[in-house]
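Visitor: no sequence on hand, only this structure:
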């Protein structure tokens, strides 16, 4: 049996014996329509099970009621939670979410931005990777507003919402120093991105404020991947004088760090203190629970959506406003993975590590 044709606005107008323009005004709630006529049109729409074609309407009105969200990695628990919160915020305001991941690849980022603009999104919420100048020029030329989140672009040319990366990292490092630690390792991501760079600088700030000379051998800068956590932690544990504490600058790196410490039999917090920037659910029921810098992704989502939809609406408070920069506060969450430094040397249990590492592939 052939599929039934989807009812059109013309069908509704014909059944209600009105013009298409009158049917459109009644169904959209704009313009004057006599009450009796309005009721007749609504009844016709119900009879025909009429559903408006939102995409076609968007093309006509240059409003699609859809927003693009571009993030680097769907496997990062924090980005997943952030995307879910943004989706809920937009849905509550009548907008749909288009989601894409770039894996921090410049070509993918460029193609994704152009593709989303081609789908007539009303705006973009975007964790920038490379963000070439011509890409920003392209968005401006297409009159597509965008808000940068989590990471900053040089000179903040568009609305931007980030976490208090530097201040949060400074607080995490101060906490370890207050417990008596002096050999504090830092394991973080690529500092070409502002979030990683600012967390690294916050760590250095705290050391200098405590008159502790930074040791480059204790700083491991790589990628926000669990494999980097494994490599960096093994390097730290093999040092002649290993650290007494590790500050991990991203939840994405933490699994590799935790796995390596357990495989080498390093006890937390007796032999090694551990703290992380970001707080994800499993930190609270890890053994021991992980001390963390908690950042409110719901607050960031609300701020980003507010800024973007203000731009979309235009007017004196929208399109012509100077770019806005906002930082979202952090919360220090004290759990049981941090304690005063160990007394005596750390034994690197190579044999134990080798026995346990076989299943990693």
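Guide: On my side now, so go ahead. Model, not experiment: these values are computed from the prediction. Residues are numbered from 1 along each chain as shown.
Visitor: find the residue closest to residue 236 in space, skipping its chain neighbours.
Guide: Excluding the flanking residues, the one nearest residue 236 by Cβ to Cβ, 6 or more residues apart in numbering is residue 185, at 5.1 Å. Every residue, glycine included, has its C-beta placed from N, CA and C.
Visitor: pairing partners for the strand or helix carrying the one you found, with directions?
Guide: Using DSSP states H and E, residue 185 sits in strand 184-188. Strand 184-188 pairs in its sheet with strand 219-221 (parallel), strand 245-248 (parallel), by DSSP bridges.
Visitor: among the ones you listed, which is nearest residue 8?
Guide: Nearest to residue 8 among those is strand 245-248 (56.9 Å), distances taken as Cβ to Cβ.
Visitor: quick check: mean pLDDT of the closest one?
Guide: For strand 245-248, mean pLDDT is 98.
Visitor: pull the residues that contact that strand.
Guide: Contact with strand 245-248 is made by 169, 172-173, 176, 179, 181, 183-188, 203, 229, 233, 236, 254, 257, 272-277, 338, 341, as judged by Cβ atoms under 8 Å, 6 or more residues apart in numbering.
Visitor: now, those that are in helices?
Guide: The helices, defined by DSSP state H, take in 169, 172, 173, 176, 203, 229, 233, 236, 254, 257 from the contacts of strand 245-248.
Visitor: look up phi and psi at residue 333.
Guide: Dihedral pair for residue 333: phi -110, psi 110, per degrees, to the nearest 10.
Visitor: gap between it and residue 146?
Guide: 32 Å (Cβ to Cβ, to the nearest Å).
Visitor: neighbour count winner among the two?
Guide: residue 146 (29 against 16; other Cβ atoms under 10 Å).
Visitor: please name the bridge partners of that one.
Guide: Beta-bridge partners, per DSSP bridges, of residue 146: residue 124.
Visitor: surely it touches residue 126?
Guide: Yes - between residue 146 and residue 126 there is a contact under Cβ atoms under 8 Å: 5.4 Å.
Visitor: need the residues that contact the host helix or strand of residue 10.
Guide: Using DSSP H and E, the element containing residue 10 is helix 9-16. With Cβ under 8 Å, 6+ apart as the test, helix 9-16 has contacts from 19-20, 22-24, 27, 37, 40-41, 43-45, 47-48, 50, 52.
Visitor: can you point out the buried residues in that helix?
Guide: Of the residues in helix 9-16, those buried by neighbour count under the rule 16 or more other Cβ atoms under 10 Å are 9, 11, 12, 13, 15, 16.
Visitor: next secondary structure after it?
Guide: helix 20-28.
Visitor: how about residues contacting that next one?
Guide: Residues contacting helix 20-28 (Cβ under 8 Å, 6+ apart): 9-10, 12-13, 16, 18, 31-33, 37-38, 41-42, 44-45, 50, 52.
Visitor: do that again at 10 Å, thanks
Guide: Residues outside helix 20-28 that contact it (Cβ atoms under 10 Å, 6 or more residues apart in numbering) are 8-16, 18-19, 30-35, 37-42, 44-45, 50, 52, 57.
Visitor: leaving out chain neighbours, which residue sits closest to residue 331?
Guide: Closest to residue 331 by Cβ to Cβ, 6+ apart is residue 294, at 4.4 Å.
Visitor: okay, now that neighbour: neighbour count?
Guide: By other Cβ under 10 Å, the residues close to residue 294 number 18.
Visitor: surely it is within a helix?
Guide: No - assessed with DSSP: H, G, I helix; E, B strand; the rest coil, residue 294 is strand; it does not lie in a helix.
Visitor: show me what the helix or strand harbouring residue 200 is packed up against.
Guide: Element membership for residue 200, per DSSP H and E: helix 194-209. With contacts taken as 3 or more Cβ pairs under 10 Å, 6 or more residues apart in numbering; DSSP states H and E, helix 194-209 sits against strand 159-163, helix 165-178, strand 184-188, strand 219-221, strand 245-248, strand 273-277.
Visitor: residue 305 is nearest to which of those?
Guide: Closest among the helices and strands packed on helix 194-209, using Cβ to Cβ: strand 159-163, at 9.7 Å.
Visitor: what are the pairing partners of the closest one, and which direction each?
Guide: When DSSP bridges is applied, strand 159-163 pairs with strand 146-149 (parallel), strand 325-328 (parallel).
Visitor: please state the offset of the first one from the chain centre?
Guide: So that's strand 146-149. For strand 146-149, the distance from its own C-alpha centre to the chain's C-alpha centre is 11 Å (Cα atoms, centre = their mean, to the nearest Å).
Visitor: return the set of buried residues in that strand.
Guide: Those would be 146, 147, 148, 149, for strand 146-149 by 16+ other Cβ under 10 Å.
Visitor: do the last one as well
Guide: By 16+ other Cβ under 10 Å, the buried positions in strand 325-328 come out as 326, 327, 328.
Visitor: roughly how far is that strand from the heart of the chain?
Guide: How far strand 325-328 lies from its chain's middle: 14 Å, per Cα atoms, centre = their mean.
Visitor: rewinding a little: from the contacts of helix 9-16, which would you call buried?
Guide: 22, 23, 24, 27, 37, 40, 41, 44, 45, 48, 50.
Visitor: name the nearest of the residues you listed relative to residue 139.
Guide: Among those, and counting by Cβ to Cβ, the member closest to residue 139 is residue 24, at 31.6 Å.
Visitor: how much space between that closest one and residue 13?
Guide: The gap separating residue 24 from residue 13 is 8 Å, by Cβ to Cβ.
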